[in-house]
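Novice: sequence first, then the predicted structure:
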Amino acid sequence: MQSRALATEEGKDPANTTRANHSRVLPLRLLQIFGLFLVLCVAFSVISVYMTKRFGVSTTLTSTQSSFQPCYEEVGGLDPWIKPPSSLLHTMNDTELFWRASFAPKVKKYPFQRVPKIAFMFLTKGPMPLAPLWERFLKGHEGLYSIYIHSTPSYRPGFPASSVFYRRQIPSKVAEWGRMSMCDAERRLLANALLDISNERFVLLSESCIPLYNFSLIYLYTMNSKHSFMSAFDDPGPFGRGRYNPNMKPEVTISQWRKGSQWFEVSRKLAVSMVEDTTFYRKFEEFCRPACYSDEHYFPTMLTILSGNLLANRSLTWVDWSRGGYHPATFGKSDVTEAFLQRIISNHKCIYNGQPSSTCFLFGRKFAPSTLEPLLRLAHKQLGF
């Protein structure tokens, strides 16, 4: 009792002593936990730095931040608009392709150094046996032309990497002679060529076509022309107006109905018109079927209505109809002589830019594969290349 009373008197209650001991233990435990936390943080940081340097692994926070993409894109320069596609193989369907190809600037002056090119568009079934002749014709004129090939979809060309025809095949579909699928193939060629802003003139050719002059003459002839070369004439006979269907009115009247050669050369302006058309296309698709052959009537009629003043009303591709029949003559190896080539080139009269001219045909058709050898032998002397 005395000792307890003494303790009480001195203010040292046992309960107070216990609480004091507990308060000293608690801060020590917090310090231990905090110290452990710091050690773990330092260890994690060291491991993260090591992993990043060693394996290129970043932290979760870094990955999350780097995967963020803005909801808009910065407006870049002109390169995406003026550079030709790096590859002709694309996944656009015809509707998307024609829509994209119909883009045309309203400002006539280009804000960059534009070198106009000729687009040589080959509509073929498969192989191009006269390719070596075209290779010689084009040699040394890189940057002034483009090549596009529309063939049977299953055909796989075997041109070497050194060839100007290497990887120039566009996504193609089956084209039937005399039907709108043939016009679709021609529009497909035009549309793919229009994707290159530098292409200014567009020539439709077949695998049996040959150039009749050197590249420089053909380039200047087409580039300097005020007109496009689409044969379009009014044929009153059964193979002209006789194919007209009155259901085409009011878009096409019989007085506007035209016939012409399938093989054309057009300016960029008319190429856009041919690709963007939907009005006349529907009429021809429905009401021009054999014995109405759309590839002979669709483009000549449409362009006569839309831009008749821009047409020369003649073709630049020479063919021989003298043998009669539904198709022009095909020439073999024995036909190709100096006199024969001279006859094709000379003795012609036409109008060029409003003036009389004797240079009327720039290409010839139909030359069989067997003509390659004599053509290569005579080309330098007779054709100028």
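Specialist: That came in fine, so what should we check first?

Novice: just the helices in this protein please.
Specialist: Applying DSSP state H to the chain gives helices spanning 2-9, 14-55, 60-66, 79-82, 94-101, 131-138, 180-194, 215-223, 268-276, 279-287, 294-307, 338-345, 372-378.

Novice: packing partners of the last one?
Specialist: Contacts defined by 3 or more Cβ pairs under 8 Å, 6 or more residues apart in numbering; DSSP states H and E place helix 372-378 against helix 131-138. Heads up, the C-betas are built off the backbone N, CA and C, glycines and all.

Novice: report the buried residues of the helix it packs on.
Specialist: Of the residues in helix 131-138, 131, 133, 134, 136, 137, 138 count as buried by neighbour count, 16 or more other Cβ atoms under 10 Å.

Novice: out of these, the closest to residue 332 would be?
Specialist: For the buried residues of helix 131-138, the minimum distance to residue 332 (Cβ to Cβ) is 15.4 Å, reached by residue 133.

Novice: about what we covered before: dump the buried residues of helix 131-138 to JSON lines, plus pLDDT.
Specialist: Converted to JSON lines, the buried residues of helix 131-138 look like this (pLDDT from 0 to 100):
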{"residue": "131", "pLDDT": "98"}
{"residue": "133", "pLDDT": "98"}
{"residue": "134", "pLDDT": "98"}
{"residue": "136", "pLDDT": "98"}
{"residue": "137", "pLDDT": "98"}
{"residue": "138", "pLDDT": "98"}
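
Novice: state the pLDDT value of the closest residue to residue 335 other than its chain neighbours.
Specialist: Leaving aside its chain neighbours, residue 335 sits nearest to residue 371 (7.2 Å; criterion: Cβ to Cβ, 6 or more residues apart in numbering). For residue 371, the pLDDT comes out at 98.

Novice: swap in residue 20?
Specialist: So, for residue 20, pLDDT stands at 45.

Novice: likewise for residue 173?
Specialist: pLDDT recorded at residue 173 is 97.

Novice: what's the neighbour count on it?
Specialist: 12 (other Cβ atoms under 10 Å).

Novice: wait, doesn't it sit right on residue 187?
Specialist: No. Using Cβ atoms under 8 Å, residue 173 is not in contact with residue 187; the gap is 11.1 Å.

Novice: poorly predicted segments of the stretch 51-200 of the chain, please.
Specialist: Scanning the stretch 51-200 of the chain for pLDDT under 70 picks out 51-75.

Novice: go again using 50 as the cut-off
Specialist: Residue ranges of the stretch 51-200 of the chain with pLDDT under 50: 55-71.

Novice: show me the contacts for residue 329.
Specialist: 319, 320, 321, 322, 323, 366 (Cβ atoms under 8 Å, 6 or more residues apart in numbering).

Novice: and for the spatially closest residue to residue 145 that is not a sequence neighbour, the neighbour number?
Specialist: Once flanking residues are discounted, residue 145 sits nearest to residue 118: 4.9 Å by Cβ to Cβ, 6+ apart. Neighbourhood size, residue 118 [other Cβ under 10 Å]: 23.

Novice: surely residue 118 and residue 225 touch.
Specialist: No. With contacts counted by Cβ under 8 Å, residue 118 stays clear of residue 225, the gap being 11.6 Å.

Novice: what's the neighbour count on residue 108?
Specialist: Around residue 108 there are 5 residues (other Cβ under 10 Å).

Novice: relative to residue 275, how far out is it?
Specialist: As judged by Cβ to Cβ, to the nearest Å, residue 108 and residue 275 stand 20 Å apart.
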